[in-house]
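Asker: requesting a structural model of the entry that follows:
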Amino acid sequence: QYQITLLFIFDTRYLLQFDYNLEACNKMVSDMSYTTVSNVIDTWEQIRRIKDFEFVVGTKLFQKFFALEPDAQRIFGFPDDMDPSSDDVLQNKRFVKHAKYFVQMIDRALSLLGPEVEMLTEILLELGEKHSRYGVKPEFFPSMGRALMEAVSCNLQEGEFSEVKTDWIEVYGALSYDMIRGSRMALNKE
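Answerer: Predicted structure coming up:
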């Protein structure tokens, strides 16, 4: 039996700790409340209405993520000296492609919450395994969560995100948990 403790620090006022028992693997996503899932899906639908939302949200997310985790740039095929906050990065086709793809992945994952939760868990485990082979470290997930929260927050009306922030953190925590499990399983196979 393994236990993982992850600390998600999204800002100086919010610290959330998850203790995961790897034996109880399917409980996280499937145990989320209807209200939690509904709040996240409703706010995501608002974001989907933004013109070219994949570009808008994805580039913001990856700019923040690479600012938080500069070492991750290499894993995604970008040079260490790339400035993620520069406007030049928005012209980089590879950067934009990664950013849009990640938002598409989030979109698909959120669409599977609810009745397709078992399929979602399988997909996330496979994604975690695949990302592990690329060199994505479990330690990157809290920074990706912080970047996602910022990207979602800045694309909603002022104050709206604060009402659903804990829901987004819970959903991201559950989704990332399955990816981290997939990553750990891949490492155990080696």
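
Asker: so where's the chain uncertain?
Answerer: 1-30, 190 (pLDDT under 70).

Asker: residue ranges of the strands in it, please?
Answerer: Counting by DSSP state E, the chain forms strands over residues 3-11, 14-21, given from the N-terminal end onward.

Asker: list the buried residues of the longest helix along the chain.
Answerer: Taking DSSP state H as the criterion, the chain has its longest helix at helix 160-189. Judged by neighbour count using 16 or more other Cβ atoms under 10 Å, the buried positions of helix 160-189 are 161, 164-165, 167-184, 186. Placement of C-beta: from N, CA and C, glycine included.

Asker: from E129, how far off is the residue lying closest to L112 once chain neighbours are set aside?
Answerer: Taking Cβ to Cβ, 6 or more residues apart in numbering, and ignoring the residues beside it in sequence, L112 has L120 as its nearest neighbour in space, at 3.9 Å. Counting by Cβ to Cβ, to the nearest Å, the gap between L120 and E129 amounts to 15 Å.

Asker: between these two, which one's more packed in?
Answerer: With other Cβ atoms under 10 Å as the criterion, L120 and E129 differ in neighbour count, and L120 comes out ahead with 22 against 18.

Asker: wait, isn't that one in contact with A109?
Answerer: Yes: because the distance of 6.2 Å satisfies Cβ atoms under 8 Å, L120 is recorded as touching A109.

Asker: so what sits against both of those two?
Answerer: By Cβ atoms under 8 Å, 6 or more residues apart in numbering, L120 and A109 have these common neighbours: L175.

Asker: how near is Q46 to R108?
Answerer: Looking at Q46 against R108, where the rule is Cβ to Cβ, the gap reads 18 Å.

Asker: same question, V136
Answerer: Distance, V136 to R108, by Cβ to Cβ: 18 Å.

Asker: and what of I123?
Answerer: The gap separating I123 from R108 is 8 Å, by Cβ to Cβ.

Asker: between the two, which is the more surrounded one?
Answerer: Neighbours were tallied for I123 and for R108 using other Cβ under 10 Å; the higher tally belongs to I123 (18 against 11).

Asker: what ranges does the chain have for its helices?
Answerer: Secondary structure of the chain by DSSP H: the helices cover 27-30, 34-48, 53-68, 72-75, 93-111, 117-134, 140-153, 160-189.
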